[in-house]
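Asker: One predicted model, sequence on top.
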Amino acid sequence: MSSLGNALMDSLMRLRPPGPGKTADLKPIVQALADALERGELAMDLSKEPPEGLDNEHWPEGVLHTLESSGWLVNADALDADPQAPIVQDGDWLRWRRWHQQLQHCLTNLLSLAGQAVQNPVAEEARKTARQRALQAGLDQEQCDAVIALLDRRLVVLTGGPGTGKTSTVVQMLAAVLHDKPDLRIQLTAPTGKAAARLQLAIAEGCALLEPGLSATLQTLPSGTLHKLLEAQGDNRFRRNASQPLSVDLVVVDEVSMVDLPLMTALLAALPNHAQLLLVGDADQLPPVGPGAVLQELTTPANLAQLGAAAVQLKTTYRNNGAIAALAADLREGNTCLAPATLRNLQPSDNVQWIAAKRHAVPTPLLKKLQERQTSLKQLADNLIWVNDQPDRDTAAELLKALESWIALSPVRQGPWGVEALNRVLLGERFTQPVQAWPPGTPVLNRHNRPEQGLTNGDIGVVVQHGHETRVLLPGGRVLHPAQLSGAEPAFALTVHKAQGSQYDSVVLLLPPQRRQDPRLAYTGLTRAKHQALLITPDD
């Protein structure tokens, strides 16, 4: 068993000893639930194939019987009947009791918020005018429904895949509420710094055709990470809470598929009693790394029915992204992998290409691309101009822009196709050394929230040289000493999870063999590409 599995098993044995002869049967069940938790999943789906380590022949009846006979299982409809049972069956789902109760509490609060009208709702005539303005701006009926929903409801959930016009819709939604309430305090936010910066830039670009006053307001809206907004003070501890709520009237959360249950719970606790919440995301992307996929739970058929007009799903694709969009749509329909038969139909002119390679080493075509990437970034870093100990704005912007031009992605960290192998092949023995030892042009992934430095987990900078001193250049032209980034990793290649919330001009996506192919991994990785993607799969 894993360390987490062992810890959970020990605690449960003390909490409720199951009786003689039961321990051996319970261990693989606890381990499967622990594995799910480590993947950020609160539940085990009884309607799917059994997790690794569980008996396929007696699945799921054998699991349920073992848990029931041990006194460890209670039905979700009868929690009070057995307050000590640690595992809950909720239909086809098995959850730890603590997470089940927290999830239900969070969903209940969200659904309640969706049913509440805004303070001082606009008149019917103003709603008609808002819809007319949205139609004139080129929005379709679904997008216009989202505009009206934000005029009416305290919670609106806007979902859709790439190219469905989520940002254009958000711009018109914000314009509509500001038309009626010009002094509204709006906060843009996202789970990562890069996603928050992208949201701010996208809204600024999207409001160019609005009247000057509205455009100026939207272009100056503050944007930052959820952790910064809530004033994080360590793991799942925040200074902003029910006792010290946020000073906002409307919070817009982008990339909400990355928001886990504890973070959403903290946001709801800090939301003022009158404030609105706009959640924007793609429910088909990977769930968050932390426990609890709130957006996926919120968009189940049952919860969508309760949300009613407060949930708007954009389905029409307006940005023609060729084969990237076509394959993404195929994955969104639940296909478990990108079948070779499908990939062989790709044409040389398509914006997705495919190669099959030996699985036991870094594929040669990718190695060549990685080396070219390393050389290009080093040249840009060497050409960085310094003025009064500060990087020149233009040469710094060119280097930082190059960081988003290309990336190699893998769903795994370990193994021949894992991100550690890909980064190691470029850095050699320097891979295990601190940032100070890395050559100029090496991308640097910050792995910790560092509020004192304005950094969040997932921010990416690049190693530069200033005279004889090594520094790290970060977005916004900031420069830090490498010692301020302890625990950072090289980022020539990233896991798909770490790339979530980012976009690149071109992406190379490795799809190593896995016991169960999760279509969300391939979908999320593929849709990080704006223009071009290369898929690499095993040749056997």
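Answerer: Arrived safely.
Asker: Look up the closest residue to Cys106, ignoring the ones flanking it.
Answerer: Excluding the flanking residues, the one nearest Cys106 by CB to CB, 6 or more residues apart in numbering is Thr265, at 5.2 Å. The way it works is simple: take the backbone N, C-alpha and C, and place the C-beta from them, glycine included.
Asker: Could you do Arg520 as well?
Answerer: Nearest non-adjacent residue to Arg520, counting by CB to CB, 6+ apart: Leu286, 4.9 Å away.
Asker: contacting residues around the one you found?
Answerer: Counting by CB atoms under 8 Å, 6 or more residues apart in numbering, Leu286 touches Ser257, Val496, His497, Gln500, Asp518, Arg520, Leu521, Thr524.
Asker: give me that answer again for 10 Å
Answerer: Contacts for Leu286 (CB atoms under 10 Å, 6 or more residues apart in numbering) come out as 39-40, 257-258, 293, 296, 411, 496-497, 499-500, 518, 520-521, 523-525.
Asker: Among the residues you listed, which lie within strands?
Answerer: In strands, judged by DSSP state E, none of the contacts of Leu286 are found.
Asker: Which of those fall in helices?
Answerer: Judged by DSSP state H, the subset of the contacts of Leu286 located in helices is Gln296, Val496, His497, Ala499, Arg520, Leu521, Tyr523, Thr524, Gly525.
Asker: In the stretch 301-450 of the chain, what residue spans correspond to strands?
Answerer: 311-314, 352-357, 386-387, 390-391, 406-410, 443-445 (DSSP state E, counting those that start in this stretch).
Asker: out of those strands, deepest packed?
Answerer: strand 406-410 (a mean of 25; mean count of other CB atoms under 10 Å).
Asker: in the helix or strand bottoming out on mean pLDDT in the chain, what's buried?
Answerer: None of the helices or strands of the chain scores lower by mean pLDDT, DSSP states H and E than helix 340-343, at a mean of 81. Residues of helix 340-343 classed as buried: Leu343 (neighbour count, 16 or more other CB atoms under 10 Å).
Asker: Show me what that helix is in contact with.
Answerer: Contacts of helix 340-343 (CB under 10 Å, 6+ apart): 323, 326-327, 330, 335, 352-356, 535, 537, 539.
Asker: Which neighbouring elements make contact with the lengthiest strand in the chain?
Answerer: Taking DSSP E as the assignment, the strand of the chain that covers the most residues is strand 529-538. Applying 3 or more CB pairs under 10 Å, 6 or more residues apart in numbering; DSSP states H and E, we find strand 529-538 packed against helix 322-332, helix 340-343, strand 352-357, helix 364-382, strand 406-410, strand 504-510, helix 519-526.
Asker: Let me know which of those is the nearest to Ala269.
Answerer: In terms of CB to CB, the element of the helices and strands packed on strand 529-538 nearest to Ala269 is helix 519-526, at 28.6 Å.
Asker: What average pLDDT does that closest one get?
Answerer: Mean pLDDT, computed over helix 519-526, is 91.
Asker: ok, and for it, which residues are buried?
Answerer: By neighbour count on 16+ other CB under 10 Å, the buried set for helix 519-526 is Pro519, Arg520, Leu521, Ala522, Tyr523, Thr524, Gly525, Leu526.
Asker: Show me where the stretch 201-350 of the chain has its helices.
Answerer: With DSSP state H, counting those that start in this stretch applied, the stretch 201-350 of the chain shows helices at 212-219, 226-229, 261-270, 294-298, 301-307, 322-332, 340-343, listed in chain order.
Asker: Take the ones you listed and write them to TSV, including distance to Ser2.
Answerer: Output for the helices of the stretch 201-350 of the chain, formatted as TSV (distance: least, CB to CB, whole Å):
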stretch	distance to Ser2
helix 212-219	48
helix 226-229	27
helix 261-270	21
helix 294-298	24
helix 301-307	32
helix 322-332	29
helix 340-343	34
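Asker: among these, which is the most enclosed?
Answerer: Mean neighbour counts for the helices of the stretch 201-350 of the chain (mean count of other CB under 10 Å) peak at helix 294-298, with a mean of 23.
Asker: Trp406 versus the residue nearest to Arg520, what's the distance?
Answerer: Distance from Leu286 to Trp406, counting by CB to CB, to the nearest Å: 21 Å.
Asker: And Gly53, by the same measure?
Answerer: For Gly53, the distance to Trp406 (CB to CB) stands at 39 Å.
Asker: got it, and Gln436?
Answerer: From Gln436 across to Trp406, the span is 25 Å (CB to CB).
Asker: returning to that earlier point: the contacts of helix 340-343: which two are farthest apart?
Answerer: Ala326 and Asp539 (23.5 Å).
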